[in-house]
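>>> Structure here, sequence nowhere to be found:
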């Protein structure tokens, strides 16, 4: 039986845009419904940032414990209790998720519906609730924040190989003997290094000529060196041709490094980390006339409006940078425009991000390659972490800092920090960029010694400008 109800706003998906948006709309007096398929909080809270960074913290403890003797604190043999790691991860996720759900349920004018939404027209969706019943919701405006899921490549034998993705790998109750990772992007590298620290042997097969395809070549090369130093085997130009499960072993046929013939790599587990696809295919967006690109990402303008009046898309499902902070900023744009009657857009938005390998890789603004592609006149400042006092004191000197500077104005156009607490250092550079401060201000600033921030004095020394 289908029950029809009308709302001023229907939000589909409770990710990092949908959750604050539904509350803001309801608090502004809009009668609002939030439709969530599984868990409040979206990918970030349930399968992404929160659980993975919780586990990364456990991995770093294991790493430092094994290095105890380097600091004069011998620890003996180190083992990892994956059940306890998983329990800690689950508890933190539950705290975040339940807190958000409680706040939503206590918000006046806001109805939370758990079910699958599917458009039946430009002003209506049918929701199949978890109890099997259906409701038809009509609305003046729809906001789609339904996110993405792990993509599954069309590899021969993969479906019968009991493969892992970025969600299921976090539910393991024992450390894999040998983890095979298909894909050398952010997800593959974070999990690869994490499980190496837990004690697994790890092999990463990356189809491209370098890891992290969106990064400068020198950054990717340094990341490769760090992973290999950690004992991870990395295969570049590696095309996985097929997968086979033989007893307890999983075998990959891989043609690597330009080889014409494949070789076989055997492991106990395989993680597929080959990107993500949007969940638009489950929403029947064609019934509403919503345009999407060939990959299924919903197309929007800088104000996050789709081609259908009154329908908006936020977060990962619209394509572009797939980061929690971008999704949250999408919410702020909608709030500004619809509730506060302002005029916000994505134009000129800086996109900072951190890859939580260790040391962290953080970036903001233009890369060196992007600047060259745009025919910019630039100067590049680069300094190894071995010249950073704080990094030396804690014996974490891997990586480097790099900044792209406008050759005429001295404005900082972008930066990459691969090093100890790289995300925090990058954020300081981002603040300078937001304030349009020339690099000389950071060069001359008085930072507290021996914080990592004082490395910005030396990064911008004339001798560190490599071009």
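It's in. Since this is a predicted model, take the numbers as computed values, not measurements. Numbering: from 1, shown residues only.
>>> helices or strands up against the strand or helix carrying residue 141?
For residue 141, the host element (DSSP states H and E) is strand 134-144. When contacts are defined as 3 or more Cβ pairs under 8 Å, 6 or more residues apart in numbering; DSSP states H and E, strand 134-144 sits against strand 2-12, strand 32-36, strand 110-121, strand 124-129, strand 311-313. C-beta coordinates here come from the backbone N, C-alpha and C atoms, glycine included.
>>> So for residue 467, which of those strands sits nearest?
Proximity to residue 467 (Cβ to Cβ) singles out strand 311-313 among the helices and strands packed on strand 134-144, at 40.3 Å.
>>> next helix or strand past that closest one?
helix 324-334.
>>> That following helix vs strand 2-12, what angle?
110 degrees (axes from the mean of the first three to the mean of the last three Cα atoms, to 10 degrees).
>>> buried stuff in helix 324-334?
Buried positions in helix 324-334, judged by neighbour count with 16 or more other Cβ atoms under 10 Å: 324, 326-331, 333-334.
>>> Please apply the same query to stretch 241-249.
Buried residues in stretch 241-249 (16+ other Cβ under 10 Å): 243-244.
>>> Give me the distance between stretch 194-205 and the centre of its chain.
20 Å (Cα atoms, centre = their mean, to the nearest Å).
>>> end to end, how far does that stretch reach?
Terminal residues of stretch 194-205 lie 16 Å apart, using Cα to Cα, to the nearest Å.
>>> for it, which positions count as buried?
Neighbour count says stretch 194-205 has 194-198, 200-205 buried, by 16+ other Cβ under 10 Å.
>>> mind putting these in CSV, distance to residue 338, secondary structure and pLDDT included?
Written out in CSV, the entries for the buried residues of stretch 194-205 read as follows (distance: Cβ to Cβ, whole Å; DSSP: H, G, I helix; E, B strand; the rest coil; pLDDT from 0 to 100):
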residue, distance to residue 338, secondary structure, pLDDT
194, 40, helix, 98
195, 44, helix, 98
196, 47, helix, 98
197, 45, helix, 98
198, 46, helix, 98
200, 48, coil, 98
201, 52, strand, 98
202, 47, strand, 98
203, 49, strand, 98
204, 44, strand, 98
205, 46, strand, 97
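>>> Can you convert the residues you listed into JSON lines and add a column each for distance to residue 90?
What follows is the buried residues of stretch 194-205, written out as JSON lines (distance: Cβ to Cβ, whole Å):
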{"residue": "194", "distance to residue 90": "16"}
{"residue": "195", "distance to residue 90": "18"}
{"residue": "196", "distance to residue 90": "23"}
{"residue": "197", "distance to residue 90": "20"}
{"residue": "198", "distance to residue 90": "17"}
{"residue": "200", "distance to residue 90": "21"}
{"residue": "201", "distance to residue 90": "26"}
{"residue": "202", "distance to residue 90": "24"}
{"residue": "203", "distance to residue 90": "28"}
{"residue": "204", "distance to residue 90": "27"}
{"residue": "205", "distance to residue 90": "30"}
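>>> which of these lies closest to residue 340?
The closest of the buried residues of stretch 194-205 to residue 340 turns out to be residue 194 (Cβ to Cβ; 41.3 Å).
>>> Not counting its neighbours along the chain, what's nearest that closest one?
Nearest non-adjacent residue to residue 194, counting by Cβ to Cβ, 6 or more residues apart in numbering: residue 59, 4.4 Å away.
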